[in-house]
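*Asks:* just the structure for this:
(2 chains)
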Amino acid sequence: MPSKQQRQALNNGINQIIDAMPINGSPVVIEVRSLTKKYNGILAVNCISFTVQRGSITALVGGNGAGKTTTLSMLLGLLLPSEGEINILGADMLTKRHLVLPRMNFSSPYVGMPARLTVGENLTVYANLYGLDNVKDRVTSVAKDLQILDTLKIQLGNLSSGQKTRVSLAKALINEPELLILDEPTASLDPESADWARGHLESYQQRTGATLLLASHNMGEVERLCHKVLMMKDGTIIDEGSPQRLIANYDRKNLEEVFLDIARDRTHSRDFVP
Amino acid sequence: MRGLLWKRIWAMVLRHTYLLRSSWPRVLELAYWPTFQLLLWGFITTFFLQHSSWLAQAAGALISAVLLWDVLFRSNLGLSLTFVEEIWARNLGQLFISPLRPTEMIAALMIISFVRTIISVTPAAFLALPFFDVWVFDLGIALAAFFFNLMVMGWAVGLVVSGLILRFGLGAESLCWLAIFLIAPITGIYYPVKVLPDWLEPFAWILPSTYIFEGMRAVLFNKIFNWNLFFGAVGFNLVYLFIGIGIFLRMFHVARVQGKLLQQGE
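*Replies:* Residues are numbered from 1 along each chain as shown, chains lettered A, B, ... in the order given. I've put the predicted structure just below:
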């Protein structure tokens, strides 16, 4: 088990490598160009462009209404953009999403699963939806990983919110996705459970080399997990970089203070050119 | 690829089989109304047999009509309520970020609707024998033709209703129960279409169910299977099923434009 300092050093090293990567020369898992979404005349997302590199953990950060969930929904294909392009794992999400959906997955405490089905039944249904072989073995294996084996015969609606989050993560990992999209993965968890969930996501990413994109309000979580941060406000990306670089650029002690600066329009990064 | 398609459809059928299996009141509720409808109409029939020369010609006419109407009603309800279950569970977002396609969802809804309809009407069909001495299976192969045509019409209506619920939200969920009754007075379930005013008859003849109920009476009263009526039902059903699928897929597209796949729920 690496110490905190070793982990920090490793993180810094990864951040430097990722920051130094030329975007066009690296394997890109997500490429978003000029993405825009208007709802009833309101501009929810305003012409954003970004890339996410293979094997990285990237955070979408911003206050309520910044456009994070709208952006994630468009990446998942649940919401059609008004303008712009989304390319995921080499496929155009607007025309060929069914080619890549089996290779990605999603978890959010705000998107439900059938509460009257048992945990085992839910996972079995989703394993079949993802076309997996040996469904029973896969369900058992992912339940064991997420430490929910003893809940397999219990109805989902009867679980605590912490257990439900684990089930949601189990569903998201059932197909061992190359790209995992998470909307506030540790919201509604107590600190111990949240720490466990972060550790599990980290180890999954390290074991499989998967790419993770998450939206979060928890700046400590973002600092710990993420190689890159996309700061959103009013539907646009107003800054981006590794957590360390953002903290340094804003001359702050941690990402929470950077977040507050941006939310309150107090200052601006020294080197970001939108 | 084809194997995966069936696997995804099977996954959805499995999801709703688990739901039914987990709750015996749900299964009981499915059979409850058809059985009580049958008993009610059966006793009315018994009374009118002694007072109506028309009914006396074919004792099973009203009871068969009750059962066939329930096939249509339950087929529609089975499809649209299964879809609404996904909205109640706030599960639509999860389903459509999986590789499940809308057309596969439609296929699964149809299969589940078939299963639910069988559960609904089977007890009533068997009870008709000891209570009223009517064995609906005497209709033979005609019964299968009537059954499947009414199933298809129920699916078409259910798909339109599901599309509207997707578009307008759960505020429109009562359409699951109400929509089909819009046609009940004019489709000749319990009486011939000739009873209707002249100006209303053409509207009755654009409904596949009208051909089925007239066809049923042709079998019971005249002992003939009228192929013209059968092909009329099949032709209109194909048109309505095509329209139903088209409306559902269009509303699914609109829901993706408006972000309703994630927002649906109570």
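*Asks:* so the residue in the stretch 51-200 of chain B that chain A sits nearest to: helix, strand or coil?
*Replies:* For the stretch 51-200 of chain B and chain A, the shortest gap (Cβ to the nearest Cβ) falls at B:Arg90, measuring 3.4 Å. Just so you know, the C-beta spots here come from the backbone N, C-alpha and C atoms, and that holds for glycine as well. State at B:Arg90, reduced to three classes by DSSP: H, G, I helix; E, B strand; the rest coil: coil.
*Asks:* so it touches A:Val111, yeah?
*Replies:* Yes. Using Cβ atoms under 8 Å, B:Arg90 is in contact with A:Val111, at 6.5 Å.
*Asks:* which element is the most centrally placed residue in chain A on?
*Replies:* With distances taken as Cα atoms, centre = their mean, A:Leu214 lies nearest the centre of chain A, 2.0 Å away. Using DSSP states H and E, A:Leu214 sits within strand A:211-215.
*Asks:* which residues touch that strand?
*Replies:* For strand A:211-215, the surrounding residues in contact (Cβ atoms under 8 Å, 6 or more residues apart in numbering or on different chains) are A:29-30, A:52-61, A:68-69, A:71-72, A:75, A:178-185, A:201, A:205, A:222, A:225-226.
*Asks:* which among these count as buried?
*Replies:* A:29-30, A:52-53, A:55-61, A:68-69, A:71-72, A:75, A:178-185, A:201, A:205, A:222, A:225-226 (16 or more other Cβ atoms under 10 Å in any protein chain shown).
*Asks:* got the contact list for B:Trp155?
*Replies:* Here B:Trp155 is in contact with B:75-76, B:79, B:109-110, B:113, B:241, B:244 (criterion: Cβ under 8 Å, 6+ apart).
*Asks:* if we go to 7 Å?
*Replies:* The neighbourhood of B:Trp155, defined by Cβ atoms under 7 Å, 6 or more residues apart in numbering or on different chains, consists of B:75, B:79, B:110, B:113, B:241, B:244.
*Asks:* name the member of those residues with the most neighbours.
*Replies:* B:Leu79 (32 neighbours; other Cβ atoms under 10 Å in any protein chain shown).
*Asks:* looking at this, that residue is in a helix?
*Replies:* Yes. Assessed with three-state DSSP, B:Leu79 lies in a helix.
*Asks:* now B:Val195: closest residue in space that isn't a chain neighbour?
*Replies:* B:Gly188 (7.6 Å; Cβ to Cβ, 6 or more residues apart in numbering or on different chains).
*Asks:* determine the three-state secondary structure at that neighbour.
*Replies:* Look at B:Gly188: counting by three-state DSSP, its state is coil.
*Asks:* how many neighbours does it have?
*Replies:* Around B:Gly188 there are 25 residues (other Cβ under 10 Å).
*Asks:* B:Glu214 is in contact with that one, correct?
*Replies:* Yes. Using Cβ atoms under 7 Å, B:Gly188 makes contact with B:Glu214 at a distance of 6.1 Å.
*Asks:* near chain A, which residues of the stretch 151-266 of chain B? Just list them.
*Replies:* B:256-257, B:259, B:261-262 (Cβ under 7 Å from any Cβ of the partner chain).
*Asks:* and these, which is closest to B:Phe36?
*Replies:* B:Leu261 (37.6 Å; Cβ to Cβ).
*Asks:* contacting residues around that closest one?
*Replies:* With contacts defined as Cβ under 7 Å, 6+ apart, B:Leu261 is in contact with A:78, B:92-93, B:96, B:255.
*Asks:* which helix or which strand is home to it?
*Replies:* Assigned by DSSP H and E, B:Leu261 falls within helix B:260-263.
*Asks:* related to what we said a few turns ago, so for the strand holding A:Leu214, mean pLDDT?
*Replies:* Averaged across strand A:211-215, pLDDT comes to 96.
*Asks:* same check on stretch A:61-70?
*Replies:* On average, stretch A:61-70 scores 91.
*Asks:* repeat that for stretch A:148-160.
*Replies:* So the average pLDDT for stretch A:148-160 ends up being 95.
*Asks:* can you pull out the strands in the chain?
*Replies:* As the question left the chain open, I've gone with chain A. For chain A, strands defined by DSSP state E occupy the ranges A:28-39, A:42-53, A:57-62, A:83-88, A:91-92, A:104-107, A:179-183, A:211-215, A:228-233, A:236-241.
*Asks:* other chain: chain B
*Replies:* Listed in chain order (using DSSP E), chain B turns out to have no strands.
*Asks:* give me the number of residues near the nearest residue to A:Ala197 once chain neighbours are set aside?
*Replies:* Among residues not flanking A:Ala197 along the chain, A:Thr186 sits closest, at 5.2 Å (Cβ to Cβ, 6+ apart). For A:Thr186, the neighbour count with other Cβ under 10 Å is 26.
*Asks:* could you do the one 10 residues further on as well?
*Replies:* Per other Cβ under 10 Å, the neighbour tally for A:Trp196 reads 17.
*Asks:* gap between it and B:Leu92?
*Replies:* 29 Å (Cβ to Cβ, to the nearest Å).
*Asks:* can you show me the helices along the chain?
*Replies:* Unless you meant another one, I'm taking chain A. With helices called from DSSP state H, chain A shows them at A:4-20, A:68-76, A:97-100, A:119-129, A:135-145, A:161-173, A:191-208, A:219-225, A:243-249, A:255-263.
*Asks:* that's the other chain; I wanted chain B
*Replies:* Using DSSP H, helices in chain B cover B:2-21, B:24-49, B:53-56, B:61-88, B:92-97, B:102-132, B:141-168, B:175-178, B:201-204, B:208-222, B:227-258, B:260-263.
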